[in-house]
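# When you get a sec, could you give me coordinates for this:
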Amino acid sequence: MTTLLEWLPFDFVTSDQVGNINKHLNDKVVADHDGRVKRWPGKHKNVLNWCELETGFIVGWNESSSIGWTFILKKKKEE
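From the prediction side, this is the model:
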């Protein structure tokens, strides 16, 4: 299984800008989604890739042209 650290783009991981997802880097990714196929369940509009972690969190890769890359961490809602 892939960890969040392995899922993140290399440029981001080496930039020391991990921020709020730092404590989740070793969490296992249980599902990987293309935001064009399965929409990001949050308010950010530029999330083209996101994943679900075994810990119940989701991480979205927000690729905003105005502010650059950010990673959104949120608790997964129960379906």
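
# Kindly check the end-to-end length of stretch 40-55 for me.
Stretch 40-55 has an end-to-end distance of 18 Å (CA to CA, to the nearest Å).

# One more: stretch 56-74?
9 Å.

# buried sites along that stretch?
Neighbour counts using 16 or more other CB atoms under 10 Å place 57-63, 70-73 of stretch 56-74 among the buried residues. Every residue, glycine included, has its C-beta placed from N, CA and C.

# For that stretch, which outside residues touch it?
Contacts made with stretch 56-74 from outside it, assessed by CB atoms under 8 Å, 6 or more residues apart in numbering, are listed as 4, 7-9, 12, 18-21, 24, 27, 35, 40-42, 44, 46-53, 75-76.

# now the residues you listed: which count as buried?
Applying the neighbour count, that is 16+ other CB under 10 Å, the buried entries in the contacts of stretch 56-74 are 4, 7-8, 18, 21, 24, 27, 35, 40, 44, 46-47, 49-53.

# State the pair within the buried residues of stretch 56-74 that is farthest apart.
Every pair in the buried residues of stretch 56-74 was compared (CB to CB); the two farthest apart turn out to be Phe57 and Glu63, at 19.5 Å.

# between the buried residues of stretch 56-74, which is nearest Ala31?
Ile58 (8.9 Å).

# For whichever strand or helix holds the closest one, what does the pLDDT average out to?
Secondary structure here is read from DSSP states H and E; on that basis Ile58 sits in strand 57-64. For strand 57-64, mean pLDDT rounds to 90.

# Just list whatever residues bridge to the residue positioned nearest the centre of the chain.
The geometric centre of the chain, computed from its C-alpha atoms, lies nearest to Val59 (CA atoms, centre = their mean), at 2.6 Å. Beta-bridge partners for Val59, by DSSP bridges, are Cys51, Leu73.

# Repeat that for the one 5 residues further on.
Here Ser64 shows beta-bridge partners Gly68, assigned using DSSP bridges.
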